[in-house]
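Chemist: Quick one, fold the following:
(one chain, ligands or ions: 2)
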Amino acid sequence: MPLFRRGQARRPERSTERLPPGQKLVRGWPVLHEGPTPTFDPATWSFRVWGEVEAPFTLSWAEFAALPQVETTRDFHCVTTWSRYDNRWGGVSVTELIARARPKPTASHALIHAWDSVGYTTNLAWGDLYRPENLFATHHDGQPLTPDHGAPMRLVVHHLYAWKSAKWVSGVEVLSADRRGYWEVRGYHNRADPWLEERYSYQEDPE
Ligand SMILES: Nc1nc2c(c(=O)[nH]1)N[C@H]1C(S)=C(S)[C@@H](COP(=O)(O)O)O[C@H]1N2
Ligand SMILES: [Mo]
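Modeler: Ligands and ions are numbered 1, 2, ... in the order given. Here you go, the predicted model:
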């Protein structure tokens, strides 16, 4: 396992194994989040895309639930070292939905917002969010998400540590400059690639 020290920007080689470095396979599906699990109310739920876009919009739950569904099956890696293989996610394509807002050429980053009482956020570079396999997921292994796992909808960004996959998503703020989210201001890595073991902010390259 590679060792990181403060002030050192070492980059291990990308592994050919299925389990990223420093991870352990779990059975079952752990629940991990800050604060209490919020209660979904379809009458008040909304999803909004705003910021560096030509056409900001807000959807009700009825409108969101009527969108075309897609599926992906991927592994899920939490920075606390558990990994879960073969998660079958169902939901709405991130690119398809965000394209409706017509992002401006200045769109370079996004901050994902949650409607939980913590006000969880997480930031992504545009190229990490706007990927064909990313989902606003409503289903997992064929079942609707449970409240603990983000019901009715969570983001799923398969290629990064799971803290980037915000639960209880309320919207996407499209940005022209990076703005760190909840964990990213508390010492976690800005990018969070599990294959590069990008766990902590002290591993980031100096600007
Ligand atoms: N709103 C919100 N989303 C969140 C979190 C959180 O604290 N709040 N924790 C993240 C972390 S650290 C992980 S590992 C995954 C865990 O998802 P799970 O509980 O469905 O396994 O959710 C992510 N999404
Ligand atoms: Mo996590």
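
Chemist: Looks like S108 contacts L129 (just checking).
Modeler: No: S108 is not in contact with L129 according to CB atoms under 8 Å; the separation is 10.6 Å. Backbone N, C-alpha and C define where each C-beta goes, glycine included.

Chemist: These two: which has the busier surroundings?
Modeler: L129 (23 against 16; other CB atoms under 10 Å).

Chemist: what residues are up against that one?
Modeler: L129 sits next to V94, I98, A110, I112, V157, V172 when contact means CB atoms under 8 Å, 6 or more residues apart in numbering.

Chemist: In CSV, list these along with secondary structure, neighbour count and pLDDT.
Modeler: Shown next, in CSV, are these (DSSP: H, G, I helix; E, B strand; the rest coil; neighbours: other CB atoms under 10 Å; pLDDT from 0 to 100):
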residue, secondary structure, neighbour count, pLDDT
V94, helix, 24, 98
I98, helix, 21, 98
A110, strand, 28, 99
I112, strand, 24, 99
V157, coil, 23, 98
V172, strand, 26, 99
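
Chemist: what's the pLDDT at the spatially most central residue of the chain?
Modeler: Nearest to the mean C-alpha position of the chain, counting by CA atoms, centre = their mean, stands S165 at 2.3 Å. Here the pLDDT value assigned to S165 is 99.

Chemist: can you start the count at 44 instead of 1 from here on
Modeler: OK, 44 is where the count begins now, so the last one is S208.

Chemist: That one and R197 touch, don't they?
Modeler: Yes: shown here, S208 and R197 form a contact pair, counting by CB under 8 Å, at 6.2 Å.

Chemist: Residues of this structure that sit close to ligand 1?
Modeler: Applying CB under 6 Å from any ligand atom, one finds that the chain approaches ligand 1 through 72-77, 121, 157, 159, 163, 192-193, 205-206, 208-211.

Chemist: Can you check what pLDDT the model gives the residue in the chain positioned nearest to ligand 2?
Modeler: Proximity of the chain to ligand 2 (CB to the ion) peaks at C121, 3.6 Å away. The model reports C121 with a pLDDT of 98.

Chemist: Now the residue nearest to the centre of the chain: phi and psi?
Modeler: Dihedral angles of S208 (phi, psi; degrees, to the nearest 10) stand at phi -90, psi 80.

Chemist: check contacts around it.
Modeler: The contact partners of S208, by CB under 8 Å, 6+ apart, come to F119, R197, L198, V199, V200.

Chemist: Just the buried positions in the strand ranked longest in the chain, please.
Modeler: For the chain, the strand that runs over the most residues, judged by DSSP state E, is strand 125-136. Of all the residues in strand 125-136, those buried under the rule 16 or more other CB atoms under 10 Å are W125, S126, R127, N130, W132, G133, G134, V135, S136.
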